[in-house]
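**Student:** quick one, structure for this:
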Amino acid sequence: MLVNIDKLSSADVDPQLAELAHTFRRIATDDAFPCIFSHLPFATGAAYFSLCRRETGVGHSVYAELRSLLQMMRQQPEAIAVMFLVGHAEQAPTTLEADLQLARSIVTTVRAEECLNHGPESLPPSDATWSLKVDGVEIFVNFSSPNHLARNSRNVGPAFTVIAQARASFDHGGRAGPAAREQIRRRLTAYDDVQPHPCLGRYGDPGNREALQYFLGDGLTAHDVSEAPHD
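**Tutor:** This next block holds a predicted model:
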């Protein structure tokens, strides 16, 4: 269940969730973090967190949380959901490749649920204006992992993390404008140990593909999360 930790007493928050959320907040609001807008959800009380078990069927849990996010967006259009996927202590460490397949399985599940609930997609992921949708609302998803060792901006703590917000929120306050994009790109260059990914583009531009931006690896290879996961 998504919760706004700032509105709860410490006794009402799962200790693991509290620790992960604290780490995420510390990283995302650090002055050096590349995204110049990442502090806003905390300043406006629009950051919501949850724990999801990293196991078979986790995509359905993520989809349910995304639907909960939509309810919150009715009052707070710029609300974000931060979902930490956690496993059991005895589980073996994961790899970035395994994380990619997890991201693909989540996207595959969300698209399948949307198809069941609302019918087939009107656009293929290869279209410049395609976006993942939840109940018809376009969502941007950021998959971040502790296995990102060079792309530091995609490492926001010790758990695989799914960060979601309305894609339309990027159109507010000049966030998608050239000045903001150039500033973030400069900050990425300074923050990451690898150059900004060539797949980072502007929604709707020819050649842009949202499905290549959700999961960025430590190199410059494109990873399409709309593809089916494999072992």
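**Student:** ranges for the helices of the protein?
**Tutor:** For the chain, applying DSSP state H gives helices covering 15-28, 40-43, 58-73, 96-118, 178-191.
**Student:** for the ones you listed, give me JSON lines that also has distance to residue 150.
**Tutor:** In this view, the C-beta of every residue, glycine as well, is placed from N, C-alpha and C. Shown next, in JSON lines, are the helices of the chain (distance: least, CB to CB, whole Å):
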{"stretch": "helix 15-28", "distance to residue 150": "16"}
{"stretch": "helix 40-43", "distance to residue 150": "26"}
{"stretch": "helix 58-73", "distance to residue 150": "26"}
{"stretch": "helix 96-118", "distance to residue 150": "10"}
{"stretch": "helix 178-191", "distance to residue 150": "11"}
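**Student:** mind checking which of the ones you listed is nearest residue 208?
**Tutor:** The closest of the helices of the chain to residue 208 is helix 178-191. By CB to CB, the value is 12.3 Å.
**Student:** what residues of that closest one count as buried?
**Tutor:** By neighbour count on 16 or more other CB atoms under 10 Å, the buried set for helix 178-191 is 180, 184, 187, 188, 191.
**Student:** can you show me the CA trace of that helix as PDB?
**Tutor:** Output of helix 178-191 as PDB, limited to C-alpha atoms (Å, rounded to 0.1, in the frame of the first residue of the first chain):
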ATOM      1  CA  PRO A 178      15.600  22.800 -23.700                       C
ATOM      2  CA  ALA A 179      17.200  24.800 -20.800                       C
ATOM      3  CA  ALA A 180      16.100  22.300 -18.200                       C
ATOM      4  CA  ARG A 181      17.100  19.400 -20.300                       C
ATOM      5  CA  GLU A 182      20.500  20.800 -21.000                       C
ATOM      6  CA  GLN A 183      21.100  21.600 -17.300                       C
ATOM      7  CA  ILE A 184      20.100  18.000 -16.300                       C
ATOM      8  CA  ARG A 185      22.400  16.600 -19.000                       C
ATOM      9  CA  ARG A 186      25.300  18.600 -17.600                       C
ATOM     10  CA  ARG A 187      24.600  17.300 -14.100                       C
ATOM     11  CA  LEU A 188      24.300  13.700 -15.300                       C
ATOM     12  CA  THR A 189      27.800  14.100 -16.900                       C
ATOM     13  CA  ALA A 190      29.200  15.200 -13.600                       C
ATOM     14  CA  TYR A 191      27.200  12.700 -11.400                       C
END
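**Student:** so what touches it?
**Tutor:** Contact with helix 178-191 is made by 32-37, 152-153, 174, 195-196, 200, 202, as judged by CB atoms under 8 Å, 6 or more residues apart in numbering.
**Student:** what sits against residue 151?
**Tutor:** 192, 193, 194, 197, 216, 217, 218.
**Student:** could you give the number of residues near the fourth one?
**Tutor:** It stands for residue 197. By other CB atoms under 10 Å, 22 other residues sit near residue 197.
**Student:** who touches it in this structure?
**Tutor:** 151, 213, 216, 220.
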